[in-house]
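Asker: Sequence and predicted structure below; questions after.
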Amino acid sequence: MDQDYQKYSEADHKMWKQLFERQMNVLPAIASRTYLEGIDKVGFVADHIPDFKKETNPRLQLLTNWKVYVVPGLIPHKEFYTHLSNREFPASTWLRKPEQLEYLEEPDMFHDTFGHVPLLSNQPFCDFIEHLSHVALRFIENENALAQISRLYWYTVEFGLIRESGALKIYGGGIISSAGESAYCLREKVPKLNFDAAILLGTPYHIDKYQDHYFVIDSYAQLYESVSEIEKLLDEFVEMV
């Protein structure tokens, strides 16, 4: 598939601008420094939707040898992890309408692109996703193991928090792209748990409401370094059942 950039209407670019500016009004104070630096590195701006072919991918490939790969929407696990293992981040190209401003049944390109792509400028984070995907493909026929990997992906890539300079910051794309959850997740009353692969693999998540708790990493290198432990835990789980 191709992004077909010319298909975007003035209303689409206006929606991107509205979403971009709404989040950038709050993210500098609460988002990971690495994510914020990534916005500039990949060239995201408010006044137009990113052009994957002309703008985003040339920058990403110079930074980490990754690229955005256009997909129609949600795709099967095998296809999803195969793309990630090939350093291709799947992203849809459709953008929400004004009546969908606060809620979407499935991710649009603002979530996929604004939420995730800036962190693809960080090599340890990219290495984590790539190597986790190789593990996922090893277990792709085992539904129980795959469910555990999905939990780990959910609580890191989608809804992860990180400690930076003694403060909690957000980096998960599902939070970064959500006006509501980016404020909610940092509230003092919401439980924050230290990253622990064994606990995380067994912790269910919500797809239709804010999470009950969030997992906190100390660095993106910690994520990458956890992959061997994750694979070992999954091997042990498969042997037990």
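Answerer: Done, it's in. Here the structure is a predicted model, which means the values were calculated and not measured.

Asker: And the spatially closest residue to residue 224 that is not a sequence neighbour, how far from residue 217?
Answerer: Distance criterion C-beta to C-beta, 6 or more residues apart in numbering; nearest residue to residue 224, sequence neighbours excluded, is residue 128 at 4.2 Å. In short, each C-beta sits where N, CA and C put it, glycine included. Here the distance between residue 128 and residue 217 works out to 10 Å (C-beta to C-beta, to the nearest Å).

Asker: Touching both of the two, which residues are there?
Answerer: 156, 223 (C-beta atoms under 8 Å, 6 or more residues apart in numbering).

Asker: Let me see the ranges of the strands in the chain.
Answerer: According to DSSP state E, the chain carries its strands in the segments 67-70, 88-91, 161-164, 167-170, 192-194, 214-217.

Asker: what pLDDT does the spatially closest residue to residue 156 that is not a sequence neighbour get?
Answerer: Excluding the flanking residues, the one nearest residue 156 by C-beta to C-beta, 6+ apart is residue 223, at 6.1 Å. At residue 223 the predicted local distance difference test score is 97.

Asker: And for residue 223, the neighbour number?
Answerer: 26 (other C-beta atoms under 10 Å).

Asker: got it, and the one 10 residues further on?
Answerer: A count of neighbours around residue 233, defined by other C-beta under 10 Å, yields 19.

Asker: how far away is it from residue 89?
Answerer: In this structure, residue 233 and residue 89 are separated by 25 Å, where distance is defined by C-beta to C-beta.

Asker: again, but for residue 205
Answerer: For residue 205, the distance to residue 89 - C-beta to C-beta - is 21 Å.

Asker: Repeat that for residue 146.
Answerer: For residue 146 relative to residue 89 (C-beta to C-beta), the value is 19 Å.

Asker: and the residue lying closest to residue 203 once chain neighbours are set aside, what is it in contact with?
Answerer: For residue 203, ignoring the flanking residues on the chain, the nearest one in space by C-beta to C-beta, 6+ apart is residue 151 at 5.9 Å. Residues touching residue 151, when contacts are defined by C-beta under 8 Å, 6+ apart, comprise 200-205.
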